[in-house]
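Here is my input, please return the structure:
(one chain, ligands or ions: 1)
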Amino acid sequence: MKNVGVLGIGSYVPERVFTNFDFEKIMDTSDEWITEMTGIRERRYADDDTDTSDLAFYAAEEAMRNAGVTRDEIDLLLVATSSGDHRFPSVAAMLQERLELKHIAAMDQLAACTGFIYSMVTAQQFIQTGAASKVLVVGAEKLTKLTDFSDRSSAMLFGDGAAAVVMGEVAEGYGIKSFELGSNGSGGQHLYEDKENGYLRMNGREVFKFAVRQMGESSVNVVEKAGLQSDDVDRLIPHQANIRIMEAARKRMNLPVEKMSHTIDKYGNTSAASIGLSIHHDIKNGLIHDGDNLVLVGFGGGLTWGAICMTW
Ligand code: ACO
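Presented below is the predicted three-dimensional model:
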């Protein structure tokens, strides 16, 4: 079996910062409530002229540069998003053109906030079968398009951003060691796009309960499937949805707080971008090193969930 891992990573967040204090000006809320209940202090918002494919493009360019691959080498392009510019063409097809890639297969994948994990696993499968050798995986979201700024129970959670990885064959001992993917459509009613107005609707309590249980369970499962113990895990990269959900997963894995990636305070919930953004943030800050064992874990609308155990 080929070892499949990440050859290079990139990410992008818009410059505009929207703080909890900015929310205080537009709705009945407080910095204290948002920080305490979610762990979010600020998030980034793209301007009106910037759409999901623009965020995706900047992240993808950087990932390709950092991987040292040319545009001719990419032979599959997957974009995880719930906020594509259009229903079609896909963000992936738009990127194929803008990155001047060959006329390769390109598609969007929708598993909400679990999308990045779903796409990384899809890439791994293509590479292991030999159907592809270098796959560009992007998670990109302009969630402000789906945000109802009159709904104080959800508006403060979301931010815009993108992350990308180039995946390919890596040396023995590196790469993805195990994964888990799942879905349960009976929970779809708790987190969905409202057909009337295109806004995201959420039953926060139900999503919270599901996430707390599932994030811990999936993390433990992939570590076990990889033949590792929780002591062997160097870093947990949870989907950044709510600090209390992330903390529950960390505690279930018996990991100290310094081993968990934490970017929610700066970026909020960027859905399919959040896990890649956090990995890139940690690399830039010297918190992920060559050979580290990582657990990536996420959950999202669907309901969906997924986790990966990999050696970086
Ligand atoms: N500011 C101040 N008070 C607020 C706010 C706010 N922004 N929002 C709600 N409240 C109040 C409510 O009115 C309520 O007051 P009451 O007790 O007087 O009625 C109280 O706070 C509790 O409200 P709940 O909505 O029940 O609060 P909850 O404890 O559920 O926390 C939260 C809300 C933070 C949204 C939480 O449910 C949560 O994080 N859920 C998970 C969300 C999530 O991660 N979603 C993932 C979506 S990602 C994707 O797939 C795109």
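
Going by C-alpha atoms from here, please, whenever you check contacts or count neighbours.
Noted.

ok, the residue lying closest to residue 43 once chain neighbours are set aside to residue 151 distance?
Leaving aside its chain neighbours, residue 43 sits nearest to residue 267 (4.2 Å; criterion: C-alpha to C-alpha, 6 or more residues apart in numbering). To residue 151, residue 267 is 19 Å away according to C-alpha to C-alpha, to the nearest Å.

What residues does the closest residue in space to residue 300 that isn't next to it in sequence make contact with?
Leaving aside its sequence neighbours, residue 300 sits nearest to residue 113 (C-alpha to C-alpha, 6+ apart; 4.5 Å). Residues near residue 113 by C-alpha atoms under 8 Å, 6 or more residues apart in numbering: 239, 270-274, 298-301.

mind redoing it with 10 Å?
Residues in contact with residue 113, defined by C-alpha atoms under 10 Å, 6 or more residues apart in numbering, are 80-82, 139, 141, 239-241, 269-275, 298-306.

Kindly report the same for residue 256.
Taking C-alpha under 10 Å, 6+ apart as the test, what residue 256 contacts is 234-235, 250.

Doesn't the residue nearest to residue 300 belong to a helix?
Yes. Applying DSSP: H, G, I helix; E, B strand; the rest coil, one finds residue 113 inside a helix.

per-residue confidence at it?
As predicted, residue 113 sits at a pLDDT of 97.

what's the answer for the one 5 residues further on, then?
If you check residue 118, the pLDDT there is 98.

Number of residues surrounding it?
Neighbour count of residue 118, defined by other C-alpha atoms under 10 Å: 28.

unless I'm mixing things up, it is touching residue 138, no?
No. With contacts defined as C-alpha atoms under 10 Å, residue 118 does not count as touching residue 138, sitting 11.1 Å away.

what do those two both touch?
Both residue 118 and residue 138 are contacted by 78, 80, 109, 272, under the criterion C-alpha under 10 Å, 6+ apart.

between those residues, which is closest to the ligand?
Set against the ligand, the nearest of the shared contacts of residue 118 and residue 138 by C-alpha to the nearest ligand atom is residue 272 (8.2 Å).

what's near enough to touch the closest one?
79-83, 109-119, 138-141, 161-163, 239-240, 298-300.
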